[in-house]
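A.B. asks: Can you look at this prediction? I've put the sequence above it.
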Protein chains: 2
Amino acid sequence: MTYCVGLRLSKGLVFMSDTRTNAGVDDISQTKKMHSWEAPGERVITLLSAGNLATTQAVVSLLDERSKAPGDRNPSILAAPSMFQVARIVGNTLRDVVTQYEEAGPTAASPFAATLILGGQIAGSAPRLFLIYPEGNFIEAGDDNPFFQSGEIKYGRPILERALDSEMSFEDAVKLLCVSFSSTILSNAGVDMPLDLQIHATNECRVTEERRFEREDPYFCEVSKGWSDALRDALAALPEFSF
Amino acid sequence: MTYCVGLRLSKGLVFMSDTRTNAGVDDISQTKKMHSWEAPGERVITLLSAGNLATTQAVVSLLDERSKAPGDRNPSILAAPSMFQVARIVGNTLRDVVTQYEEAGPTAASPFAATLILGGQIAGSAPRLFLIYPEGNFIEAGDDNPFFQSGEIKYGRPILERALDSEMSFEDAVKLLCVSFSSTILSNAGVDMPLDLQIHATNECRVTEERRFEREDPYFCEVSKGWSDALRDALAALPEFSF
């Protein structure tokens, strides 16, 4: 399992992903699910991956190769003229990889599918955030849907639905994400620390902030423990029921 | 979809279930998923059902017939000597119904499976709470796992994990359940009002309290609206993050 979130705030884009990967509960390891490409000042692109690890790693490797070989930059996510075109390249790459393994050869018990959250900005255009399906098509975040989740989305969703505000600061967004991830980690053993965080401040066109929250991160632990108490207090403050 | 919860508190058992049933998002209706059998003072049994509606209605009808025909009370949930035996009867009935439709005849797009929460008390024994699987086997709640959910369990689970206390009052439990159901209803259109509530106070061996929360129930609306504000306040009160 996996949990990834991308937020579209007016101040910029915020990304968080866990690092737990598993093939059954008896085969658990750690892998980074957050990948970035940058031409600082000109463009920044971040990709969060959930789903079959072989699929998502193949997608990232293919995107890497395309962005690194100058003579073969078409289609390259570092040369695409818009984030929409970047999303198309990523979506097509994902679809090609999934199709390759689904169509021929031995089949696996778990599907080859993956879902990606893609966000970034190209100088001169606004930051954009996309959710890319295994079929290669995608949807975009907007004022009505300012965030995307992938993987184990349910446990951590209510707090996002209730508390996310597009005008919030990056600091408040990180706090909110820590709560959302904490609730998810508490309920699903397939999501776990460390967590990767990345921020693209609007119009900087670079990775403005990047941080890994390790298992014993003092801030995360404080939020996680504090949230249980805060919820109990919040519950206590609600009107009493009487029969 | 469906959302049902059974709580095992030291003061007694608390049950809540929604009433939304649907066959696709374009075929929605309302049905009660909470069923009770009572011999007041001697025993009380409550069943919450999630899953295929034809299956759960057949199970309830079969249990009804068995409990109502005095000459044919074996196996009857009103004559069984223990809640464990009641759970076996209910589990076997469920398995028989599921098996009947799975084994022969046309197959349906949605499975015939259902999951049941069963709770109750027989005078002289402690109250017991079970989760019964479609296969007919079941697990019991205890001090380490004082609640069961069925149906759409994820959105409403974090608050139960964090705030449920086996020593809490029935009033606080109802408040907690209203929050858990509110979060679920907000995120899954397959769960909706009205909600049914029932309470078995320990050693009363009867339905002590019963209530339906209609769509415009003032208490539920107050809790649901108040919870969003309370969460934002709770979030604000957590320590600030800084880069």
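C.D. replies: Perfect, I can see it now.

A.B. asks: What strand or helix carries the closest residue to residue A:158 other than its chain neighbours?
C.D. replies: Nearest non-adjacent residue to residue A:158, counting by C-beta to C-beta, 6 or more residues apart in numbering or on different chains: residue B:183, 4.0 Å away. Backbone N, C-alpha and C define where each C-beta goes, glycine included. Assigned by DSSP states H and E, residue B:183 falls within helix B:170-187.

A.B. asks: Give the other helices and strands that that helix contacts.
C.D. replies: Counting contacts by 3 or more C-beta pairs under 8 Å, 6 or more residues apart in numbering or on different chains; DSSP states H and E, helix B:170-187 packs against helix A:157-163, helix A:218-237, strand B:3-9, strand B:12-17, helix B:157-163, strand B:195-201, helix B:218-237.

A.B. asks: what separates residue A:189 from chain B, distance-wise?
C.D. replies: According to C-beta to the nearest C-beta, to the nearest Å, residue A:189 and chain B sit 13 Å apart.

A.B. asks: these two touch, right, that residue and residue A:18?
C.D. replies: No: assessed by C-beta atoms under 8 Å, residue A:189 is found out of contact with residue A:18, at 11.5 Å.

A.B. asks: quick one, what contacts the residue nearest to residue A:158?
C.D. replies: Taking C-beta atoms under 8 Å, 6 or more residues apart in numbering or on different chains, we find residue B:183 in contact with A:158, B:155-156, B:159, B:227.

A.B. asks: Scan those residues and report the most crowded one.
C.D. replies: Neighbour counts for these, by other C-beta atoms under 10 Å in any protein chain shown, peak at residue B:156, which reaches 29 neighbours.

A.B. asks: Nearest residue to that residue in space, please, no chain neighbours.
C.D. replies: Closest residue in space to residue B:156, ignoring its immediate chain neighbours: residue B:180 at 3.6 Å, by C-beta to C-beta, 6+ apart.

A.B. asks: doesn't residue B:14 make contact with that neighbour?
C.D. replies: No: using C-beta under 8 Å as the test, residue B:180 is too far from residue B:14 to be in contact (11.5 Å).

A.B. asks: Residue B:98: which of the helices and strands packed on helix B:170-187 is closest?
C.D. replies: Taking C-beta to C-beta, strand B:3-9 is the member of the helices and strands packed on helix B:170-187 nearest to residue B:98, at 17.8 Å.

A.B. asks: Is there proximity between that closest one and chain A?
C.D. replies: No: under the criterion of C-beta under 8 Å from any C-beta of the partner chain, chain A is not reached by strand B:3-9; the shortest gap measures 11.9 Å.

A.B. asks: Can you dump the C-alpha atoms of that strand in PDB for me?
C.D. replies: Output in PDB follows, covering the C-alpha atoms of strand B:3-9 (Å, rounded to 0.1, in the frame of the first residue of the first chain):
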ATOM      1  CA  TYR B   3     -21.800   1.800   7.400                       C
ATOM      2  CA  CYS B   4     -22.500  -0.100  10.700                       C
ATOM      3  CA  VAL B   5     -20.700   0.100  14.000                       C
ATOM      4  CA  GLY B   6     -21.100  -1.900  17.200                       C
ATOM      5  CA  LEU B   7     -19.400  -0.800  20.400                       C
ATOM      6  CA  ARG B   8     -18.700  -2.900  23.400                       C
ATOM      7  CA  LEU B   9     -18.600  -0.600  26.400                       C
END
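
A.B. asks: just to revisit the earlier point, who has more neighbours out of residue A:189 and residue A:18?
C.D. replies: Set side by side, residue A:189 and residue A:18 show more neighbours around residue A:18, with 31 against 12, by other C-beta under 10 Å.

A.B. asks: and that one, what does it touch?
C.D. replies: Residue A:18 is in contact with A:2-4, A:33, A:151, A:181, A:184-185, A:191-195, counting by C-beta under 8 Å, 6+ apart.

A.B. asks: on that earlier part again, CSV for the helices and strands packed on helix B:170-187, including distance to residue B:131?
C.D. replies: Below are the helices and strands packed on helix B:170-187 laid out as CSV (distance: least, C-beta to C-beta, whole Å):
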stretch, distance to residue B:131
helix A:157-163, 23
helix A:218-237, 24
strand B:3-9, 8
strand B:12-17, 13
helix B:157-163, 14
strand B:195-201, 17
helix B:218-237, 25
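
A.B. asks: Among the contacts of residue B:183, which one lies nearest to residue A:22?
C.D. replies: Nearest member of the contacts of residue B:183 to residue A:22, counting by C-beta to C-beta, is residue B:155, at 23.0 Å.

A.B. asks: can you give me how far the helix or strand of chain A with the lowest mean pLDDT is from the chain middle?
C.D. replies: Using mean pLDDT, DSSP states H and E, the weakest-scoring helix or strand in chain A turns out to be helix A:53-68, at a mean of 87. Helix A:53-68 has its C-alpha centroid displaced from the chain centroid by 16 Å (C-alpha atoms, centre = their mean, to the nearest Å).

A.B. asks: And stretch A:84-98, by the same measure?
C.D. replies: 16 Å.

A.B. asks: in it, what counts as buried?
C.D. replies: Judged by neighbour count (16 or more other C-beta atoms under 10 Å in any protein chain shown), stretch A:84-98 contains these buried residues: A:86-91, A:93-95, A:97-98.
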